[in-house]
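Colleague: Using only what follows, build the 3D model:
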Amino acid sequence: MDLTGKTVLITGASRGIGAEAGRVFAAAGANVALLARSGDAIAALAARIGDAAMAIPCDVADYAQVEAAVQATVGRFGGLDVLIGNASVIAPISHMWSADPAGWGHAIDINLKGVFHGMRAALPVMQKAGGGTILTVSSGAAHGPVEAWSHYCASKAGAAMLTACLDKEARNQGIRALGLSPGTVATQMQREIKASGINPISELNWEDHIPADWPARALLWMCSPDADEFIGAEISLRDEDIRRRANLI
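Modeller: Residues are numbered from 1 along each chain as shown. This is a model prediction of the structure:
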């Protein structure tokens with residue numbers, strides 16, 4: 001795909017899927033705005049990408065910061081064509097009877113409210129331009145309970161519903177809203193899951209996980225007309241046909 005002249009904003013861009021998405025979209029010609037709380041990490045990534053990238057330290061749990069990041073992106077690159085809501089946390093992994101309420105709530109602030117904040121800040125810009133694409137990185141945990149992941153499952157389920165609601169409200173305004181369920185990915189999050197020793201997912205071996213560039217490349221494909229039939233839905237990389245269409249296998 002050639003995204004020359006397009007601008008993409010990626011949350012959670014300091015590592016894992018978000019960092020890979022920054023590289024993949026920049027390689028496709030796009031301008032990329034890299035958002036994360038880890039300012040040093042996104043600054044280093046932006047430096048490696050070059051002039052087509054900008055690093056914006058941002059906590060997606062704070063709407064004012066997200067709104068300011070969107071405006072900074074528009075100010076630098078002239079618009080916003082794609083939003084990738086990727087920022088999420090798995091900590092604190094805990095059974096409900098011993099979960100820290102503050103930590104549980106903070107995960108909701110990032111994984112769910114952070115997705116809404118991105119949508120809310122980006123939509124007026126995209127609507128004014130006549131359309132845009134909003135991609136949300138989901139999870140199989142959005143659709144089934146996982147032991148000690150009540151915060152993650154609940155927040156991802158909520159984010160999946162936000163994507164469906166967005167499609168219901170804004171498809172006729174040119175907004176392409178889609179979700180991506182990548183499966184288990186070889187990122188730092190999986191190291192945290194492994195260290196917890198709780199539930200079957202923590203027992204998976206490193207080689208059981210797909211590389212982080214697979215979901216990044218799938219997100220790029222989701223911006224193409226070939227993915228239009230999935231608008232309003234959630235795509236799973238566990239589906240071999242999807243992997244083939246996204247040129248992953």
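Colleague: mind listing the helices for the chain?
Modeller: With DSSP state H as the criterion, the chain has helices at 16-27, 39-49, 63-77, 101-108, 114-129, 150-170, 188-196, 213-222, 240-245.
Colleague: closest one to Ser139 among these?
Modeller: Of all the helices of the chain, the one in closest proximity to Ser139, counting by CB to CB, is helix 150-170 (4.5 Å). Bear in mind the C-beta positions are built from the backbone N, C-alpha and C, glycine included.
Colleague: Return the closest one as PDB; C-alpha atoms alone will do.
Modeller: Once side chains and other backbone atoms are set aside, the C-alpha atoms of helix 150-170 remain, and they are given as PDB (Å, rounded to 0.1, in the frame of the first residue of the first chain):
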ATOM      1  CA  SER A 150     -11.200  -9.200  34.800                       C
ATOM      2  CA  HIS A 151      -9.900  -5.700  34.200                       C
ATOM      3  CA  TYR A 152      -8.400  -6.600  30.800                       C
ATOM      4  CA  CYS A 153     -11.400  -8.600  29.600                       C
ATOM      5  CA  ALA A 154     -13.900  -5.900  30.700                       C
ATOM      6  CA  SER A 155     -12.000  -3.100  29.200                       C
ATOM      7  CA  LYS A 156     -11.300  -4.900  25.900                       C
ATOM      8  CA  ALA A 157     -15.000  -5.900  25.700                       C
ATOM      9  CA  GLY A 158     -15.900  -2.300  26.200                       C
ATOM     10  CA  ALA A 159     -13.500  -1.100  23.600                       C
ATOM     11  CA  ALA A 160     -14.900  -3.600  21.100                       C
ATOM     12  CA  MET A 161     -18.400  -2.200  21.800                       C
ATOM     13  CA  LEU A 162     -17.100   1.400  21.300                       C
ATOM     14  CA  THR A 163     -15.900   0.400  17.800                       C
ATOM     15  CA  ALA A 164     -19.300  -1.100  17.000                       C
ATOM     16  CA  CYS A 165     -21.000   2.000  18.300                       C
ATOM     17  CA  LEU A 166     -18.800   4.300  16.300                       C
ATOM     18  CA  ASP A 167     -19.600   2.400  13.100                       C
ATOM     19  CA  LYS A 168     -23.300   2.700  14.000                       C
ATOM     20  CA  GLU A 169     -23.000   6.400  14.500                       C
ATOM     21  CA  ALA A 170     -20.500   7.500  11.900                       C
END
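Colleague: hmm, who's touching that helix?
Modeller: Contacts of helix 150-170 from elsewhere in the structure, counted by CB atoms under 8 Å, 6 or more residues apart in numbering, are 85, 88, 90, 92, 96, 99, 103-104, 107-108, 110-112, 115-116, 119, 123, 127, 134, 136, 138-139, 141-146, 175, 177-179, 231-232, 234.
Colleague: Could I have the buried ones of those as ChimeraX selection syntax?
Modeller: The buried subset of those, as determined by 16 or more other CB atoms under 10 Å, is captured in ChimeraX by this line:
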select :85,88,90,92,99,104,107,108,110,111,112,115,116,119,123,134,136,138,139,141,142,146,175,177,178,179,232,234
